[in-house]
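[1] here are the coordinates; sequence isn't available:
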């Protein structure tokens with residue numbers, strides 16, 4: 001009798017061990033992009049060292065507000081590593097009127113002057129910055145393409161908010177504070193029609209590449225990023 005009960009117990013043990021190993025494997029697959037102390041995983045988009053606009057403050061990456069810098073001088077930082085299919089998690093905090101963005105599949109090449117010429121954007125914004133902005137250009141939007149849900153949960157200016165951004169073979173998800181607020185299929189017929197009606201209609205490099213850098217945008221406002229990690233899918 002005891003012998004017959006041994007097999008089910010062994011199978012149950014193996015299943016539990018397998019589940020534990022799977023969870024451990026998923027956790028170990030995350031790549032930390034910012035350890036709270038250095039920008040070793042980052043570089044400027046374009047030539048030269050990281051500008052003084054980008055600093056580390058209280059364990060977060062801070063993009064300083066400087067009204068004396070002309071818009072054309074604002075420069076993004078990007079990951080040194082490139083990613084194709086990925087899941088990105090981070091936290092951000094904006095001050096009043098701040099404007100920034102998270103871009104992916106960013107390609108650096110002589111024909112491109114800015115990261116947004118190639119990289120689709122998860123919009124980071126204080127929505128009060130411009131009440132007349134279209135919904136497709138507001139916080140958590142796929143900038144100038146898809147608007148987020150009207151009931152997106154925003155913790156407010158001066159508070160930390162969490163982002164999850166997923167790209168999986170054209171399937172894109174935008175999450176804000178634990179809620180999926182946008183989902184779309186890049187390259188679909190709907191997506192093509194929306195692109196043709198957007199500011200990207202004549203931007204040849206926009207969303208052209210399926211692998212590239214992840215960048216954080218300097219748009220002149222003060223914004224903070226921390227707990228940045230990514231895993232390849």
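    Perfect, I can see it now. The shown structure was predicted, so the numbers you read here are calculated from the model rather than taken from an experiment.
[2] quick check: bridge partners of the nearest residue to residue 32 once chain neighbours are set aside?
    Spatial nearest neighbour of residue 32, excluding adjacent residues (Cβ to Cβ, 6 or more residues apart in numbering): residue 229 at 5.2 Å. (Glycine included, C-beta is placed from N, CA and C.) Counting by DSSP bridges, residue 229 is bridged to residue 32, residue 89.
[3] list the contacts for residue 229?
    By Cβ atoms under 8 Å, 6 or more residues apart in numbering, the residues touching residue 229 are 30, 31, 32, 33, 88, 89, 90.
[4] can we see that at 10 Å?
    For residue 229, the contacting residues are 30, 31, 32, 33, 34, 87, 88, 89, 90, by Cβ atoms under 10 Å, 6 or more residues apart in numbering.
[5] check residue 212 too.
    78-79, 82-84, 103-108, 115, 118-119.
[6] restricted to strands, list those.
    Among these, DSSP state E puts 78, 79, 103, 104, 105, 106 in strands.
[7] what about the spatially most central residue of the chain, distance to residue 192?
    Central residue of the chain (Cα atoms, centre = their mean): residue 102, 4.3 Å from the mean position. From residue 102 over to residue 192 the distance is 23 Å, taken as Cβ to Cβ, to the nearest Å.
[8] again, but for residue 39
    37 Å.
[9] more neighbours: which of those two?
    Taking neighbours as other Cβ atoms under 10 Å, residue 39 and residue 192 compare with residue 39 leading, 18 against 11.
[10] my read is the more buried one is in a helix, agree?
    No. Read with DSSP: H, G, I helix; E, B strand; the rest coil, residue 39 is coil and lies in no helix.
[11] ok, now which ones touch the spatially closest residue to residue 50 that is not a sequence neighbour?
    Sequence neighbours aside, residue 44 is the residue nearest to residue 50 in space, at 5.4 Å (criterion: Cβ to Cβ, 6+ apart). Contacts for residue 44 (Cβ under 10 Å, 6+ apart) come out as 50, 51, 54, 75, 76, 77, 78, 108, 215.
[12] you'd agree the fourth one is up against residue 217?
    Yes. Counting by Cβ atoms under 10 Å, residue 75 touches residue 217, with 9.1 Å between them.
[13] give the residues shared as contacts by these two.
    Common contacts of residue 75 and residue 217 (Cβ under 10 Å, 6+ apart): 45, 114, 115.
[14] ok, and the most crowded of those?
    residue 115 leads the shared contacts of residue 75 and residue 217 on contacts (other Cβ under 10 Å) with 27 neighbours.
[15] gap between that residue and residue 81?
    Counting by Cβ to Cβ, the gap from residue 115 to residue 81 is 15 Å.
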